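Asks: give me the fold of what follows.
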Amino acid sequence: MSAVSFTYPTKDKPTIVDVSLTVSQVSRVAVIGANGAGKSTAIKVLVGEQKPTQGSIWKASGLRMAYVAQHAFHHLEKHMKETPTAYIMWRFAGNDDKESLEFKSKELSVDEATARAMKWCIDTVTGSVRRVTSAAEDAKRNRQDEAGVVVPDAAVNRRQKKKEKTYEYEIKWVLKSMDQNSWVEKEILIKMGYLKLVQREDERQAAMAGLMTKQLTQPSVEKHLTDFGIDPESASHTQINQLSGGMKVKVVLAAAMWQNPHVLILDEPTNYLDREGLGALVLALKDYKGGVLIISHNKEFCDGVATEKWIMVGGFLRIEGESVSDEKEEKGNNQAADDVYDGAGNKIVVNKVVTLSDKDKKKAIKDIEKRIKENKKKKVMTDEEVWELEDKLNELKEGLKAEAPA
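Replies: Modelled structure (predicted):
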């Protein structure tokens, strides 16, 4: 999240102002502040429940985030007459998290709307997708292209072009049957204005990877719920509306963890867990291999799980401490890159923070800017590698800005 501000439609004054932050798999963050300081709003913008008024948000391709709202029962309101097992099987059918899809804005940005206004067709010779030829360029070809205009309906699969190290997506077209699907390069889809469609398929593929050890069957879901203290009888033979408040919370937490998320976000968990439940949660979070964000006013609880604090005051953010892995704490501050594993056992290399002087930061900024500039000409890096460099560049610049004298 970079330089993000957000103003509710009914208010004149922004609730959060110029907020910049980074979350990763090693994050152990407590978001604290007085009521109305902007804690929950900042997180709602981060997860996509609210759209920023200004600023930008970038999420790594395939990142899985689980968000448990402040009013936890919000997730269950429409499913009170179902069993916990049935709820989870409905929610994750097709490897999509239907709850998280509610947070995704269907509004198009100005750039997306402009891009979608352009017409595209499938070239009858090459089979590739291209812009429709204008009548001014070639009237005859324009008529042919106009007859074959295509509009993306859904992405149904993804594959990697190993030579170019890029992704392409199998696209189902509006008003066309599945046997007329086409493979389209990611960059073309983005130019067409369908970045959200690409991101959704990336998330679906990531969810499938995260569920390699799980099947969406009754026995598998029952086993998962048992890990959260919900016995098979309650899981598959008791309606949610007949469960106690504590059991309902366990259902919400179990559902949030079904897809082995890389980052877990809990909004005011002390509001819906008793002391025993909080103690169990602290122990579970210490064993959890992903990133954790806790929004809470409970200092004792925050101190038990967080090494980094995001302090919200009047909509402004101040960051104290840092999130590091256990290995870094043991080995010291100048630790190089190390390996982190997600819930499915996939290895993810995380570059840990190394303390740099201002001079070193400026040199690193120049080096990264040079690499990005060279890549624009030579195209030797993947999108993921470029995004990682851009993230590091923003982080270094923010660090210099924060340390600059007022």
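
Asks: where does the protein have low pLDDT?
Replies: Along the chain, segments meeting pLDDT under 70 span 61, 72, 100-107, 109, 207, 209-213, 272, 323-356, 379-384, 401-406.

Asks: send me stretch 183-190 as PDB with only the CA atoms.
Replies: Output in PDB follows, covering the C-alpha atoms of stretch 183-190 (Å, rounded to 0.1, in the frame of the first residue of the first chain):
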ATOM      1  CA  TRP A 183      -5.200 -18.700 -25.100                       C
ATOM      2  CA  VAL A 184      -4.400 -15.000 -24.600                       C
ATOM      3  CA  GLU A 185      -1.200 -13.500 -23.200                       C
ATOM      4  CA  LYS A 186      -1.400 -11.700 -19.800                       C
ATOM      5  CA  GLU A 187      -0.200  -8.400 -21.300                       C
ATOM      6  CA  ILE A 188      -2.900  -8.400 -24.000                       C
ATOM      7  CA  LEU A 189      -5.600  -9.100 -21.400                       C
ATOM      8  CA  ILE A 190      -4.300  -6.200 -19.300                       C
END
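
Asks: buried set for that stretch?
Replies: 184-186, 188-189 (16 or more other CB atoms under 10 Å). For the C-beta atoms, the positions are set from N, CA and C on the backbone; glycine is no exception.

Asks: and it, how far from the chain's centre?
Replies: Taking CA atoms, centre = their mean, to the nearest Å, one finds the center of stretch 183-190 at 21 Å from the center of the full chain.

Asks: and stretch 165-175, by the same measure?
Replies: Remark: stretch 165-175 is offset 21 Å from the chain centroid, using CA atoms, centre = their mean.

Asks: what residues of that stretch count as buried?
Replies: Across stretch 165-175, burial judged by 16+ other CB under 10 Å covers 167-173.

Asks: of these, which is the nearest to residue 124?
Replies: residue 173 (15.1 Å; CB to CB).

Asks: could you measure from that closest one over to residue 151?
Replies: 6 Å (CB to CB, to the nearest Å).

Asks: again with residue 313
Replies: Distance, residue 313 to residue 151, using CB to CB: 47 Å.

Asks: what is the burial count for the closest residue to residue 134 other than its chain neighbours?
Replies: Excluding its sequence neighbours, the residue lying closest to residue 134 (CB to CB, 6 or more residues apart in numbering) is residue 142, at 6.2 Å. Neighbour count for residue 142, taken as other CB atoms under 10 Å: 16.

Asks: wait, residue 142 touches residue 132, no?
Replies: Yes - using CB atoms under 8 Å, residue 142 is in contact with residue 132, at 6.8 Å.

Asks: so residue 73 sits in a helix?
Replies: Yes - checked against DSSP: H, G, I helix; E, B strand; the rest coil, residue 73 lies within a helix.

Asks: does it really touch residue 252, like I thought?
Replies: Yes - Residue 73 sits in contact with residue 252 when judged by CB under 8 Å, with a separation of 7.4 Å.

Asks: so which of these two has more stuff around it?
Replies: When residue 73 and residue 252 are compared on other CB under 10 Å, the one with more neighbours turns out to be residue 252, at 21 against 15.

Asks: which residues touch the strand or helix carrying the more buried one?
Replies: For residue 252, the host element (DSSP states H and E) is helix 245-256. The contact list for helix 245-256 (CB atoms under 8 Å, 6 or more residues apart in numbering) reads 66-68, 72-73, 75-76, 84, 87-88, 91, 99, 224-225, 227-230, 234, 240, 243, 264, 272-274, 277.

Asks: try 7 Å this time
Replies: 66, 68, 72-73, 75-76, 84, 87-88, 91, 224-225, 228-230, 234, 240, 264, 272-274, 277 (CB atoms under 7 Å, 6 or more residues apart in numbering).

Asks: ok, back up a step: how close does the residue nearest to residue 134 get to residue 148?
Replies: 11 Å.

Asks: just residue 120 next, same as before
Replies: Residue 120 sits at a distance of 10 Å from residue 148 (criterion: CB to CB).

Asks: more neighbours: these two, which one.
Replies: Shown here are residue 120 and residue 148; by other CB under 10 Å, residue 120 has more neighbours (22 against 13).

Asks: show me the contacts for that one.
Replies: Contacts for residue 120 (CB under 7 Å, 6+ apart) come out as 129-132, 149-150, 192.

Asks: secondary structure, neighbour count and distance to residue 16 added to those, as a markdown table?
Replies: Below are these laid out as a markdown table (DSSP: H, G, I helix; E, B strand; the rest coil; neighbours: other CB atoms under 10 Å; distance: CB to CB, whole Å):
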| residue | secondary structure | neighbour count | distance to residue 16 |
| --- | --- | --- | --- |
| 129 | strand | 21 | 39 |
| 130 | strand | 12 | 42 |
| 131 | strand | 13 | 39 |
| 132 | coil | 19 | 42 |
| 149 | strand | 13 | 42 |
| 150 | coil | 20 | 40 |
| 192 | coil | 23 | 32 |
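
Asks: hang on, isn't residue 189 packed against residue 168?
Replies: No - when contacts are counted by CB atoms under 7 Å, residue 189 is not listed as touching residue 168 (8.8 Å).

Asks: surely residue 82 meets residue 238?
Replies: No - assessed by CB under 7 Å, residue 82 is found out of contact with residue 238, at 10.2 Å.

Asks: residue 69: what's it in contact with?
Replies: Contacts of residue 69 (CB under 7 Å, 6+ apart): 75, 267.

Asks: got phi/psi on it?
Replies: Note on residue 69: its backbone torsions stand at phi -70, psi 160 [degrees, to the nearest 10].

Asks: with residue 175 instead?
Replies: For residue 175, the backbone dihedrals (degrees, to the nearest 10) come out as phi 60, psi 20.

Asks: before I go, just wanted to say thanks for your time.
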